[in-house]
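Novice: Sequence and predicted structure are below.
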Amino acid sequence: MKYTVDKKEQYVVFTPLEEKLDSSLSPKLKSELLTVHAEGYNNLIIDMSQVKYVDSSGLSALLVGNREFSRNGGIFIIATPHEHVIKLIKISMLDKVFNIVDSLEEAAEAIFIHEIDGKEEEDGEED
């Protein structure tokens, strides 16, 4: 599986450089997402701009990423998905589960808002 990883201070942008996320690639995608999380990053943006097709195993890999990054208060965002991918996510009723945005800028903004909200909650617990 070809991909790029761009590590920022608050998050990682993971970009699969594949047109299809199917059963041949989804185990590798799961593994890479878990590796990034194990490196200590809590927030991940998966840039889906290159991906034109996702099957059920690809969606399963995304769900694993979503669960892992959300577990400790982080956030998992799907950015720039193609229309066909969006349709499949909606048919699977996963649009209620995933954070989906139209651009990397929106995704970065969502992470910063998430981080601020998380810090405010922590501060509120100390009182």
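Specialist: Done, it's in.
Novice: just checking, Val64 touches Leu33?
Specialist: Yes - here Val64 lies in contact with Leu33, judged by CB atoms under 8 Å, at a distance of 6.6 Å. C-betas here are computed from N, CA, C, even on glycine.
Novice: More neighbours: the two, which one.
Specialist: Leu33 (22 against 18; other CB atoms under 10 Å).
Novice: Break down the chain into its helices, ranges please.
Specialist: Along the chain, the segments classed as helices by DSSP state H run 26-38, 56-71, 83-91, 104-126.
Novice: quick one: buried residues of the longest one?
Specialist: Of the residues in helix 104-126, those buried under the neighbour-count criterion (16 or more other CB atoms under 10 Å) are 104, 106-108, 110-111, 114-115.
Novice: Next: stretch 40-57.
Specialist: Under the neighbour-count criterion of 16+ other CB under 10 Å, stretch 40-57 has 41-48, 50-51, 54, 57 buried.
Novice: go on, stretch 19-38?
Specialist: For stretch 19-38, burial by neighbour count (16+ other CB under 10 Å) applies to 21, 25-26, 28-30, 32-33, 36-37.
Novice: CA atoms of that stretch as PDB?
Specialist: C-alpha atoms of stretch 19-38 as PDB (Å, rounded to 0.1, in the frame of the first residue of the first chain):
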ATOM      1  CA  GLU A  19      -7.600   4.400  -5.900                       C
ATOM      2  CA  LYS A  20      -9.200   1.500  -4.000                       C
ATOM      3  CA  LEU A  21      -9.400   0.600  -0.300                       C
ATOM      4  CA  ASP A  22     -10.500  -3.000  -0.600                       C
ATOM      5  CA  SER A  23      -9.900  -6.300   1.100                       C
ATOM      6  CA  SER A  24      -6.300  -6.500  -0.400                       C
ATOM      7  CA  LEU A  25      -5.300  -3.200   1.200                       C
ATOM      8  CA  SER A  26      -7.500  -2.800   4.300                       C
ATOM      9  CA  PRO A  27      -5.300  -5.000   6.600                       C
ATOM     10  CA  LYS A  28      -2.300  -2.800   5.800                       C
ATOM     11  CA  LEU A  29      -4.400   0.400   6.300                       C
ATOM     12  CA  LYS A  30      -5.500  -0.900   9.800                       C
ATOM     13  CA  SER A  31      -1.900  -1.700  10.700                       C
ATOM     14  CA  GLU A  32      -0.600   1.700   9.600                       C
ATOM     15  CA  LEU A  33      -3.300   3.600  11.400                       C
ATOM     16  CA  LEU A  34      -2.600   1.600  14.600                       C
ATOM     17  CA  THR A  35       1.100   2.300  14.200                       C
ATOM     18  CA  VAL A  36       0.500   6.000  13.900                       C
ATOM     19  CA  HIS A  37      -1.600   5.900  17.100                       C
ATOM     20  CA  ALA A  38       1.000   3.800  18.900                       C
END
